[in-house]
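Asks: 3D, please:
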Amino acid sequence: MRFPRLTRRGFIKTAALGSAAAAAVSVLSGCSHASDEEASDPVVVDEDSAEDILSTFEEVECPLVVENAWELPLGNVLHPADGTWIPVTTAGSSATPMVKASVLSLASGQLAEVVSAPFQEGATKVIYDARCSDYVYAWVELDLATRDWALYAAPFSAGALSGDVRTLWEADANYDPAPFAVSERSVIWQVQPSTSGSKTTESSRCYLWHSEDSEAQAVVESSGRFATSPTISGDAVVLTPRVRADEGVYYGVTAYSLSDDLATRLDQLVMPQSVRPFRATRVGDRFLVSVEASYGSGGLLGQMGTYIGTADSGFFRLNREPSEGGCGNGDVIVIKGTASYFVIDLANRQYSTLLATDRSVDYGEYPARAGNCDLFVSFSTVKDADSGYPASVSVRTFRL
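Replies: Predicted coordinates for the structure are as follows:
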C-alpha cells in the first residue's frame, strides 16, 4: 500500500494572506488503528425492535424559537462547525477567483473573508471546501484541469488567519479531495482513492494534525473507502472505516476520543453486511446514523431512515428519507427532513417540526452543525417575493 508523498516545495502568495510560505507537514509512520484491528460484531436487529418515532411519540408544537437571524448575499454556503465561527465558501464577484473562503461570526452576524484567493498559483485553481474552529482554519484547493488538490491549514483568530499556512496534504486525481473536519487546534482528514483512478484497490487512511506540530499522525486505516466524512461531536470524532475485511463488506461507525489523539475507541456500531451508512455522528453517547436506501437484508439497520442509539441500548428510528446528518444537545435531536427539520425529544417522547424559512423550499434549508451543539445553526437560499429568483441567503440560530 502506497500513499501520496508530501512534497517539500514551497508556495508564495502575496494577497490577503500577506507574504507567507507554506511549509509541508510530514507524517509520522505507523497507524493507531489498522484495518485488521478487531472490530465489534455486526449489529442485525429485528425490524420490530426499534421504536418508530413518528408512530409512538407525541407530536407537539415546536419548542425552538429563533435566537438570531441574518441575511447574507447570494452565493454563500455554510459548512458544519462547533465553535462561534462558521466556515463559509463564498462565490467570487468574477471568474477569478471563482470561490473565496470566509467565516460567519455567530456573535455579530458579520461575514469576513479569510482566504480571498487560492493559495496555489494558476487560473484553474479554486477553493473547493473550508472548515474551521475558533483557533484553526483549513481549506482544500482543487485544480479544475488536472484534479490535483491540496489541503492547507493555518492558525485562526478574530475572523482572520493569524499564523503560517501549512500544507497538510497534496495528491493527484487518483485520490478524492480530502473530507475533513476541524476541532479546537486540530485538523482531521481522510485520504482515499478515487473510484475511477488507478489506485482503487488501495486502502484509505485518516490523519490528525495539531496546529503547534510539524508532524501529522496516521490514526485510522480502512481496508476500503470510508463511508462518511469525519464528524466532530464534543470530545469525539466519528469515522466509518471498512472493518472485518476478511469476512465481507462491513462498515464500522466508530467514535474515537480526541483527547488522546484517537487512541481510544469509545464505541462502535458495525452495520450489517453491505449496508453503507449515508451520514454518521454522535450526540452524547448515542450514535446518529442514517441509511439512504433500503437493502434486501440486514434487518432494521438495512432499511432507509435515521437511527438514534447504540448496539447495547437499542435504537429509535425516524422513518423518513435522510437528507443531512443530525445534531443535538442531550436528549434533544434535530434531523433534517426533505423540506423541514424534525425536533425530537427522547426524554419526553415527543417530536415536532421546525419549518423552513419562507420561500426557501425550492433550494432547501441545511444545517451548519453536526453532533453535539447547544446552538443550532441553519441556512437557506431564499427567493425574491416578486421575481421568484434566488435573492439572498438566510441564516437562523436556535438555542437547544
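Asks: quick check: which ranges of this structure have low pLDDT?
Replies: Across the chain, the ranges flagged by pLDDT under 70 are 1-22.
Asks: where along it do the helices fall?
Replies: In the chain, the helices defined using DSSP state H lie at 53-56.
Asks: how much space between the nearest residue to Ala39 once chain neighbours are set aside and Cys373?
Replies: What sits nearest to Ala39 in space, not counting adjacent residues and going by C-beta to C-beta, 6 or more residues apart in numbering, is Val243, at 3.8 Å. For the C-beta atoms, the positions are set from N, CA and C on the backbone; glycine is no exception. Distance check for Val243 against Cys373: by C-beta to C-beta, to the nearest Å, it reads 28 Å.
Asks: look at the two and report which has more neighbours.
Replies: Between Val243 and Cys373, Val243 has the larger neighbour count (other C-beta atoms under 10 Å), namely 26 against 21.
Asks: hey, what's the more buried one bridged with?
Replies: For Val243, the beta-bridge partners under DSSP bridges are Tyr250.
Asks: now it: how far from Val270?
Replies: 6 Å.
Asks: overlap of the contact sets of these two?
Replies: Common neighbours of Val243 and Val270, using C-beta atoms under 8 Å, 6 or more residues apart in numbering, are 39, 250-252.
Asks: closest to Ala123 among those residues?
Replies: Tyr251 (39.5 Å; C-beta to C-beta).
Asks: so who does that closest one touch?
Replies: Contacts of Tyr251 by C-beta under 8 Å, 6+ apart are 227, 240-243, 270-271, 275-277.
Asks: between the residues you listed, which is closest to Asp143?
Replies: Ala227 (26.7 Å).
Asks: burial measure for the closest residue to that closest one other than its chain neighbours, as a count.
Replies: Closest residue to Ala227 apart from its sequence neighbours, by C-beta to C-beta, 6+ apart: Thr240 at 3.9 Å. Thr240 has 26 neighbouring residues, counting by other C-beta under 10 Å.
Asks: begin at 15, not 1, for the rest of this chat.
Replies: Shifting the count to begin at 15 puts that one at Thr254.
Asks: is it true that Asp388 touches Asn343?
Replies: Yes. Between Asp388 and Asn343 there is a contact at 4.8 Å, judged by C-beta atoms under 8 Å.
Asks: separation between the residue nearest the centre of the chain and Asp55?
Replies: Taking C-alpha atoms, centre = their mean, the centroid of the chain lies closest to Thr245, which sits 4.9 Å from it. Relative to Asp55, Thr245 is positioned 24 Å away (C-beta to C-beta).
Asks: equivalent analysis for Gly402, please.
Replies: On the measure of C-beta to C-beta, Gly402 and Asp55 end up 53 Å apart.
Asks: could you find the closest non-adjacent residue to Ala137?
Replies: According to C-beta to C-beta, 6+ apart, the nearest residue to Ala137 is Thr110 (6.5 Å).
Asks: hang on, that neighbour packs against Gly136?
Replies: No. At 10.2 Å, Thr110 and Gly136 do not qualify as touching, with contact defined as C-beta under 8 Å.
Asks: need the overlap of contacts for these two.
Replies: Contact criterion C-beta under 8 Å, 6+ apart; residues shared by Thr110 and Gly136: none found.
Asks: where do the strands sit along the stretch 65-214 of the chain?
Replies: 65-66, 72-73, 80-87, 90-92, 99-105, 113-119, 125-129, 139-146, 150-157, 163-171, 174-175, 180-185, 194-197, 200-205 (DSSP state E, counting those that start in this stretch).
Asks: between the ones you listed, which one is closest to Leu369.
Replies: strand 80-87 (11.2 Å).
Asks: what's the closest one packed up against?
Replies: strand 404-413 (3 or more C-beta pairs under 8 Å, 6 or more residues apart in numbering; DSSP states H and E).
Asks: other SSEs contacting the strand it packs on?
Replies: strand 80-87, strand 389-397.
Asks: any chance of those in JSON lines with distance to Glu72 as columns?
Replies: Below are the helices and strands packed on strand 404-413 laid out as JSON lines (distance: least, C-beta to C-beta, whole Å):
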{"stretch": "strand 80-87", "distance to Glu72": "24"}
{"stretch": "strand 389-397", "distance to Glu72": "21"}
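Asks: which of those sits most buried?
Replies: Sort the helices and strands packed on strand 404-413 by mean neighbour count, taking mean count of other C-beta atoms under 10 Å, and strand 389-397 sits at the top with a mean of 21.
Asks: give me the sheet partners of it and which way each runs.
Replies: With DSSP bridges as the test, strand 389-397 is paired with strand 379-381 (antiparallel), strand 404-413 (antiparallel).
Asks: could you dump those strands to a markdown table with distance to Ala159 and mean neighbour count?
Replies: Formatted as a markdown table, the strands paired with strand 389-397 follow (distance: least, C-beta to C-beta, whole Å; neighbours: other C-beta atoms under 10 Å):
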| stretch | distance to Ala159 | mean neighbour count |
| --- | --- | --- |
| strand 379-381 | 30 | 22 |
| strand 404-413 | 29 | 19 |
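Asks: can I get those in CSV with distance to Trp163?
Replies: Below are the strands paired with strand 389-397 laid out as CSV (distance: least, C-beta to C-beta, whole Å):
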stretch, distance to Trp163
strand 379-381, 24
strand 404-413, 26
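Asks: how about Ser288, what does it touch?
Replies: By C-beta under 8 Å, 6+ apart, the contact set of Ser288 is 262-263, 309, 311-312.
Asks: tell me which two in these are the farthest apart.
Replies: Maximum distance among those (C-beta to C-beta): 13.3 Å, for Gly262 and Tyr309.
Asks: quick one: which of the two has more around it?
Replies: Tyr309 (17 against 10).
Asks: next one: that one from Val252, what distance?
Replies: 21 Å.
Asks: and if you look at Gly328?
Replies: Distance, Gly328 to Val252, by C-beta to C-beta: 19 Å.
Asks: same question, Ser63
Replies: 23 Å.
Asks: the more surrounded of the two?
Replies: In this view Ser63 and Val252 are compared by other C-beta under 10 Å, and Val252 has more residues nearby, 28 against 11.
Asks: contacts only, for the more buried one.
Replies: The contact partners of Val252, by C-beta under 8 Å, 6+ apart, come to 242, 244-245, 267-270, 294-296, 301, 385.
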